[in-house]
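Novice: Any chance you could fold what I've pasted below:
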Amino acid sequence: MMDLGRLRALHAVAVHGSVGGAAASLGFTPSAVSQQIAKLERETRTVLLERQGRGVVLTDAARELAATAQQVLALVEQAEVTLEEQRGQAVGRLLLAAFATGARGLMPGALADLRTRCPDLDVRLLESDPYPAAELVARGEVDLALVQDWPTVPLPVPEGLSRMELGEDPVDLLLPAGDPLADLAVVPVGRLCGLRWISVPPGNICHDWLVRTMREAGEEPDVVHQVGEFETQIALIAAGLGVGLVPRLGRGALPPGLVARPVAPEPTRRVFALWRTQASRRPAITEALAAMREQWTTLRL
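Specialist: Residues are numbered from 1 along each chain as shown. All right, here's what the predicted structure looks like:
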């Protein structure tokens, strides 16, 4: 009989396309995942991974086995839901994903609360942009995801997922205190034209929003620096290298010489949680959602 943990490892490699990506999603080391695959190869007497350059690819047999593993893992999830319902408490493992500022600004408090609520629950957190996070939940690689989108750039939500709205995260224009726009109490969106922007790279939902907003204002934004972390963006803005639109969630105190100004109309991100509808009855899901909701109410955005 094939080991469930080894099937889970193979499925994770198929989903993420690499041993490293699978390891990050499972909370293991790449070496541990490779060992699981190697043991599965010996059990099945089948080659499952082949070297290609510096990475690996799945063989045809591995892809078929990974598809079967996905069905098996779905059945296991249903069994876990039933057992948790019978016990009336959250147990087992819960895999969470969250976008970067959500992981920093919301999840520490929520996870600490969840640990107190459910001491027998093994909770793991993975940082992920909303686009891949939604797909990870749909494929069963992650149980629950904290995501965000914009009214003008809605996040595509796969079928079979439920959502819980948490609230809106306002976004401010960050710029050096000596910039002429810093004298305004509120910056009209039309005054954002002609600026040098510091933003996340293309393919990120925040970048997509900036491009669409500026195009609606009649200009293609001049993104001079592309960095993934808002903290790095803030450091570059503080150095006078450009301006940026940075959300408040997880932002922290601004360095000296840097100011935040609201924009009109006010840009806001919508923050919400996603999980598989079939797992809605699972106590671990309901407890995690309650912890996230209560933590959100403590924020002053």
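
Novice: quick check: domain ranges of this structure?
Specialist: 1-88, 168-268 (automatic domain parsing).

Novice: weakest of these in terms of mean pLDDT?
Specialist: Ranked by mean pLDDT, the domains of the chain bottom out at domain 1-88, which scores a mean of 80.

Novice: one step back: just send the domains of the chain back as a markdown table, with mean neighbour count and distance to M292 too.
Specialist: From N, CA and C alone the C-beta is placed, and that goes for glycine too. Formatted as a markdown table, the domains of the chain follow (neighbours: other Cβ atoms under 10 Å; distance: least, Cβ to Cβ, whole Å):
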| stretch | mean neighbour count | distance to M292 |
| --- | --- | --- |
| domain 1-88 | 16 | 18 |
| domain 168-268 | 17 | 13 |
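
Novice: I'd like to know which of the ones you listed lies nearest to R117.
Specialist: Across the domains of the chain, R117 has its closest neighbour in domain 1-88 (13.0 Å, Cβ to Cβ).

Novice: And the helices in the stretch 201-301 of the chain?
Specialist: Here the stretch 201-301 of the chain has its helices, by DSSP state H, counting those that start in this stretch, at 205-216, 230-238, 283-298.

Novice: For the stretch 51-200 of the chain, just list every one of the helices.
Specialist: Under DSSP H, counting those that start in this stretch, the stretch 51-200 of the chain gives helices at 60-87, 100-105, 107-117, 130-138.

Novice: distance of the residue nearest to R6 when sequence neighbours are not counted from G20?
Specialist: Leaving out its chain neighbours, the residue that sits closest to R6 by Cβ to Cβ, 6 or more residues apart in numbering is L40, at 4.0 Å. Distance from L40 to G20, counting by Cβ to Cβ, to the nearest Å: 18 Å.

Novice: quick one: pLDDT of the nearest residue to P158 once chain neighbours are set aside?
Specialist: Closest residue to P158 apart from its sequence neighbours, by Cβ to Cβ, 6+ apart: A138 at 3.8 Å. pLDDT for A138: 88.

Novice: same deal with A103?
Specialist: 96.

Novice: Identify the residue spatially nearest to it, adjacent ones excluded.
Specialist: According to Cβ to Cβ, 6+ apart, the nearest residue to A103 is E127 (5.0 Å).

Novice: Contacts only, for the residue nearest to P158.
Specialist: Counting by Cβ atoms under 8 Å, 6 or more residues apart in numbering, A138 touches 158-161, 276.

Novice: What of R104?
Specialist: G250.

Novice: swap in R269?
Specialist: So R269 contacts 148-150, 168-169, 171, 206, 247, 249 (Cβ under 8 Å, 6+ apart).

Novice: switch the cut-off to 6 Å
Specialist: By Cβ atoms under 6 Å, 6 or more residues apart in numbering, the residues touching R269 are 148, 150, 169, 247.

Novice: again with A23
Specialist: So A23 contacts 29-30, 33 (Cβ under 6 Å, 6+ apart).

Novice: Swap in 10 Å and give it another go.
Specialist: 9, 12-13, 16, 29-34, 36 (Cβ atoms under 10 Å, 6 or more residues apart in numbering).

Novice: do the same with E77
Specialist: Applying Cβ under 10 Å, 6+ apart, the residues contacting E77 are 92, 140, 143, 276, 278-279, 282.

Novice: same thing with V91?
Specialist: 80, 83-84, 118-122, 283-284.

Novice: And V76, by the same measure?
Specialist: By Cβ under 10 Å, 6+ apart, the contact set of V76 is 4, 7-8, 92, 140.

Novice: Among those residues, which pair sits farthest apart?
Specialist: Every pair of those checked by Cβ to Cβ; the farthest is L7 and G92, at 16.5 Å.

Novice: where's P170 relative to A290, distance?
Specialist: Where A290 is concerned, P170 sits at a distance of 24 Å (Cβ to Cβ).

Novice: repeat for L111
Specialist: 13 Å.

Novice: And for A90?
Specialist: Counting by Cβ to Cβ, the gap from A90 to A290 is 11 Å.

Novice: out of these two, which sits in the more crowded spot?
Specialist: The residue with more neighbours, out of A90 and A290, is A90; 22 against 15, by other Cβ atoms under 10 Å.
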